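Peer 1: Based on what follows, work out the 3D shape:
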Amino acid sequence: MRPRLLVIPIRDDAGEVAGGFWGCTLFQWLHVQLLLIPEPLRGRGIGSNLMTVAETEARQRGCIGSQVTSFSFQAAPFYEKLGYTTYAQLDDYPPGHNLLYLRKRFDTVPALASDQQRALNRARAFAVTGEDEAAMQAYVDVLRLDPTNFPALNEIGTLANVSFHHSAARTAFAQAVRCHPDNPAGRVNLANVLLDDGDVSAARTHFEAALAVDPDLPEAHQGLARVLTELGDEEAEPHWQKGFAGHAVVTKKFRGHGAGEPLLLLVAARGGNIPTRYWIDDRHFAITAIYTEFHEPTQSLPPHALIVNAIGDADLCGMALTRAEALMERGTAPLINPPSLVLATRRIDNARRFSRIPGVIAPKIRALTRAEILAADGMSFPVLLRAPGFHTGRHFTYVESHHALREAAATLPGEKLLAIKYVDARLPDGMTRKYRVMFIGGALYPAHLAISADWKVHYFSASMAANPAHREEERRFLEDMAGVLGRRAMTALAAIQETLGLDYAGVDFALTPDGSVLVFEANATMAINPPEPGAIWDYRRRAAADVLDAARGLLARRAGLDLAIKAVA
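Peer 2: Here you go, the predicted structure:
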């Protein structure tokens, strides 16, 4: 008999393996060979969770127990807490210490259901009060008693997701589906995480499996609608209706003490929303979301002390913004990002407005039908083609000549496309630099600098980690934005902010040799993401914290709260 590998990776935000579980099953035993938790993730119950998942898989393979070796000065106490006992030891290995052999039997009497329920209630009590780490550990305690407990798997996955432990969430939901394939809630949760990871095909499989069990489940219809829209499938529309009609108002779970400050969040069902998870804290605000396209006009608004319009993409969300604008006629609280101002940020409108600002280069944009594009009437090359409403470089392509136009247009979705005049942003070293500056509450904040040899620059694809010189250049920008950009660019950026008039927005741009700002994009959809784990990114943490604190402070001021809203640890 040959050993059968059992590997559970932990991936960082870039998708690289940063740790995890490595072992094998042989002769009906699980052999633990390596358990590595990255330093920033330690102390959060992730190691216990990985062991629970590994042991559950081993049980399903017919194993009767698990064994591991550990030095007396290493992880023996950790394994003992998981129910492992020492059955042998090698003394003075190394001298003064011992090598311990530990095992855990699976074929023992299972814990009583009442024990599981008590442990589950304890975990839920911690989760309700926002004590995430204690809740995580308590859920792990439930899973030690029963590694297949669906509520514990589902809830620890949800908690991991809202606590920004994405890999742990995916692992928990996958285990829930493996143990309970006919439970549609587990399918939907796993599918949503897969969709966030860009695995559209796998997400579709699980959404469809959920609907096979419960054909009326709104959350499954919502997810499948997003998947089919992403794939350009005309069958998406019925799922939009089934998913959101009658389900346009969603009360989010409040995880703080007391009642929380009531916040009304306006969102678009079809996407194009401002990412708010890092700066609208569900421990301070009791959030009610309204999907404006599907909200009944006669329905009264939920109680609210603050309104945040999170609909950010004017090219994609015209209907949602128009509905939001009508809803705000009945709003009774301060409003962040009025829908009317967001509606004015269509790419073609921004290009026209920004072109009148001294020190700003705003490439001309034309909205054209496919027939007009293929006719290439008055079009100069090279040209950039993009489908409106998409970000992170999706459905955005460079066309060098009229000969390549037809093929390029065929790869893009939609009846109308944007033709953007191409301006070469490369500097003499052949690299393109894309700066991001956030506009929050009337102030400018540096967010990041991405440097790439590609004309289409995004931070996640710019390989900043591989180039210390590029990271040093970004550090200088983050620490001295005005000094790096110069007076001409800073004046232009302030004018762009004034033109937008939004409480929360941002701009992506290049800096030309004469100090002008070459605008790539300016709107409210700009994301604020904390830097990845790892010492090489420490130089970015202060700037990211400043931007997030500014956004949280904006919320506090508008809501009239006398509190300092800081990042959740």
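Peer 1: Which residues does stretch 46-54 contact?
Peer 2: Identification of contacts with stretch 46-54 by Cβ atoms under 8 Å, 6 or more residues apart in numbering yields 6, 8, 10, 20-21, 23, 30, 32, 35, 37, 66, 78, 81-82, 136-137, 140, 143-144, 147, 156, 165, 168, 171-172, 175. Using the backbone N, CA and C atoms, a C-beta is placed for each residue, glycine as well.
Peer 1: residue ranges of the helices in the stretch 1-150 of the chain, please?
Peer 2: 46-60, 76-81, 113-128, 132-145, 150-162 (DSSP state H, counting those that start in this stretch).
Peer 1: Quickly, which of those helices bottoms out on average pLDDT?
Peer 2: For the helices of the stretch 1-150 of the chain, the weakest mean pLDDT is recorded on helix 113-128, namely a mean of 80.
Peer 1: Quick check: the residue minimising distance to the centre of the chain vs residue 94, distance?
Peer 2: With distances taken as Cα atoms, centre = their mean, the chain has residue 196 as the residue nearest its mean C-alpha position (6.5 Å). Note on residue 196: its distance to residue 94, by Cβ to Cβ, to the nearest Å, is 45 Å.
Peer 1: I figured the residue nearest to the centre of the chain hits residue 167, correct?
Peer 2: No: between residue 196 and residue 167 there is no contact, the gap being 11.5 Å when judged by Cβ atoms under 8 Å.
Peer 1: I'd assumed residue 271 was in contact with residue 525.
Peer 2: No: applying Cβ under 8 Å as the test, residue 525 and residue 271 come out as separate, 9.7 Å apart.
Peer 1: which of those two has more neighbours?
Peer 2: More crowded of residue 525 and residue 271, by other Cβ atoms under 10 Å: residue 525, with 23 against 19.
Peer 1: give the contact list for the more buried one.
Peer 2: 272, 273, 274, 312, 313, 391 are the contacts of residue 525 under Cβ under 8 Å, 6+ apart.
Peer 1: Could you look up the SS state of residue 239?
Peer 2: helix (DSSP: H, G, I helix; E, B strand; the rest coil).
Peer 1: Check for me that residue 439 belongs to a helix.
Peer 2: No: looking at residue 439 with three-state DSSP, it is strand, so not inside a helix.
Peer 1: got the domain boundaries for the protein?
Peer 2: For the chain, automatic domain parsing gives the domain ranges 249-343, 364-421, 432-559.
Peer 1: Residues touching stretch 220-230, excluding its own?
Peer 2: 184, 187-188, 191-192, 195, 200, 203-204, 207-208, 210-211, 214, 235-237, 239-240, 242-244, 247, 269-271.
Peer 1: so for it, what's the average pLDDT?
Peer 2: pLDDT averaged over stretch 220-230 gives 89.
Peer 1: can you give me how far it is from the chain middle?
Peer 2: 17 Å (Cα atoms, centre = their mean, to the nearest Å).
Peer 1: Please put the alpha-carbon coordinates of it into PDB.
Peer 2: What follows is stretch 220-230 as a C-alpha-only set of coordinates in PDB (Å, rounded to 0.1, in the frame of the first residue of the first chain):
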ATOM      1  CA  ALA A 220     -28.400  31.200  -4.900                       C
ATOM      2  CA  HIS A 221     -30.300  33.000  -7.600                       C
ATOM      3  CA  GLN A 222     -28.400  36.200  -6.700                       C
ATOM      4  CA  GLY A 223     -25.100  34.400  -7.100                       C
ATOM      5  CA  LEU A 224     -26.000  32.600 -10.300                       C
ATOM      6  CA  ALA A 225     -27.200  35.900 -11.800                       C
ATOM      7  CA  ARG A 226     -23.800  37.400 -11.100                       C
ATOM      8  CA  VAL A 227     -22.000  34.400 -12.600                       C
ATOM      9  CA  LEU A 228     -24.100  34.300 -15.800                       C
ATOM     10  CA  THR A 229     -23.800  38.100 -16.200                       C
ATOM     11  CA  GLU A 230     -20.000  37.600 -16.000                       C
END
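Peer 1: re earlier: would you single out the least confident of the domains of the chain?
Peer 2: domain 364-421 has the lowest average pLDDT among these, namely a mean of 82.
Peer 1: Give me the distance from it to the chain's centre.
Peer 2: 29 Å.
Peer 1: got the end-to-end distance for that domain?
Peer 2: 6 Å (Cα to Cα, to the nearest Å).
Peer 1: mind checking which helix or strand residue 316 is in?
Peer 2: Assigned by DSSP states H and E, residue 316 falls within no helix or strand.
Peer 1: Counting neighbours, what do you get for it?
Peer 2: 22.
Peer 1: which residues does it contact?
Peer 2: Contacts of residue 316 (Cβ under 8 Å, 6+ apart): 268, 270, 271, 272, 388, 389, 390.
Peer 1: which residues sit in contact with the closest residue to the first one other than its chain neighbours?
Peer 2: It refers to residue 268. Leaving aside its sequence neighbours, residue 268 sits nearest to residue 320 (Cβ to Cβ, 6 or more residues apart in numbering; 3.7 Å). Counting by Cβ under 8 Å, 6+ apart, residue 320 touches 267, 268, 269, 270, 272, 291, 292, 293, 311.
Peer 1: Same question for residue 92.
Peer 2: Counting by Cβ under 8 Å, 6+ apart, residue 92 touches residue 98.
Peer 1: State the pLDDT value of it.
Peer 2: At residue 92, pLDDT is 89.
Peer 1: check contacts around residue 337.
Peer 2: Contact analysis of residue 337 by Cβ under 8 Å, 6+ apart lists 274, 308, 309, 310, 312, 502, 503, 504, 505, 524.
Peer 1: Dump the residues you listed to CSV, plus distance to residue 105, neighbour count and secondary structure.
Peer 2: Formatted as CSV, the contacts of residue 337 follow (distance: Cβ to Cβ, whole Å; neighbours: other Cβ atoms under 10 Å; DSSP: H, G, I helix; E, B strand; the rest coil):
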residue, distance to residue 105, neighbour count, secondary structure
274, 52, 27, coil
308, 53, 28, strand
309, 57, 31, strand
310, 51, 22, coil
312, 55, 29, coil
502, 61, 22, coil
503, 60, 22, coil
504, 56, 26, strand
505, 59, 24, strand
524, 57, 25, coil
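Peer 1: closest to residue 548 among the residues you listed?
Peer 2: Closest approach to residue 548 among the contacts of residue 337 (Cβ to Cβ): residue 504, at 11.7 Å.
Peer 1: Wait, the closest one touches residue 439, no?
Peer 2: Yes: counting by Cβ under 8 Å, residue 504 touches residue 439, with 7.3 Å between them.
Peer 1: that older thread, looking at neighbours, which among the contacts of residue 320 is most surrounded?
Peer 2: residue 311 (31 neighbours).
Peer 1: Neighbours of the residue lying closest to residue 34 once chain neighbours are set aside, how many?
Peer 2: Once flanking residues are discounted, residue 34 sits nearest to residue 22: 4.0 Å by Cβ to Cβ, 6+ apart. Neighbour count of residue 22, defined by other Cβ under 10 Å: 16.
Peer 1: for residue 538, same thing?
Peer 2: For residue 538, using other Cβ under 10 Å, the count is 10.
Peer 1: picking up where we left off before, in JSON lines, list the contacts of residue 525 along with distance to residue 325.
Peer 2: Formatted as JSON lines, the contacts of residue 525 follow (distance: Cβ to Cβ, whole Å):
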{"residue": "272", "distance to residue 325": "15"}
{"residue": "273", "distance to residue 325": "16"}
{"residue": "274", "distance to residue 325": "16"}
{"residue": "312", "distance to residue 325": "14"}
{"residue": "313", "distance to residue 325": "15"}
{"residue": "391", "distance to residue 325": "23"}
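Peer 1: Pull out the buried residues from stretch 410-425.
Peer 2: Buried positions in stretch 410-425, judged by neighbour count with 16 or more other Cβ atoms under 10 Å: 412, 417, 418, 419, 420, 422, 423, 425.
Peer 1: quick one: which of those sit in strands?
Peer 2: Mapping the buried residues of stretch 410-425 onto strands (DSSP state E) picks out 417, 418, 419, 420.
Peer 1: Wait, the last one touches residue 382, no?
Peer 2: Spelled out, that is residue 420. No: at 10.3 Å, residue 420 does not count as touching residue 382 under the criterion of Cβ under 8 Å.
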